[in-house]
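[1] Predicted model, plus sequence, below.
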Amino acid sequence: MSETKRRIVENPFVVLELPATADRAAIERRAQTLLSELELGFAGAEVYVTSFGAAVRDASLVRAAAATLRDPEARALAVLWAPFGDVPESDAEIARVPPFPEALAAVGWRPSE
């Protein structure tokens, strides 16, 4: 799997099936729900939909996604890779994503001073 594809498929927002605008409480609730469903073996909890098709989700992936979104800088990077609107179908379309500094500014992130 290419690095670009991995960043999209394993994006914390995609893994948790949440929008990039989700607040911390929503992220924690969703992570705990998924962890409970996985532990109990609920049908569908172990599979999630990505722009590249279905992917397998396990407890470690859910925990990693939640941990990433607790870190403000890691979350900003996850927002950059989160799908918005039409999801790119190819690496060529992904290449049209704005350059890193402009993308960070677009989501309102500013470096700490």
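    Perfect, thanks for sending it. None of these values were measured; they are calculated from a predicted model.
[2] I figured residue 9 hits residue 52, correct?
    Yes - counting by Cβ atoms under 8 Å, residue 9 does reach residue 52; the two are 5.7 Å apart. C-beta coordinates here come from the backbone N, C-alpha and C atoms, glycine included.
[3] and these two? which has more neighbours close in?
    residue 9 (17 against 14; other Cβ atoms under 10 Å).
[4] Can you check the pLDDT for the more buried one?
    Note on residue 9: pLDDT of 88.
[5] Setting aside sequence neighbours, what's the nearest residue to it?
    The shortest distance from residue 9 to any non-neighbouring residue, by Cβ to Cβ, 6 or more residues apart in numbering, is to residue 50 (4.7 Å).
[6] With residue 26 instead?
    Leaving aside its chain neighbours, residue 26 sits nearest to residue 18 (6.4 Å; criterion: Cβ to Cβ, 6+ apart).
[7] any idea how far residue 2 is from the one you found?
    Distance, residue 18 to residue 2, by Cβ to Cβ, to the nearest Å: 24 Å.
[8] For these two, indicate the residue with more neighbours.
    Legend: neighbour count by other Cβ under 10 Å for residue 18 and residue 2, higher for residue 18 (19 against 9).
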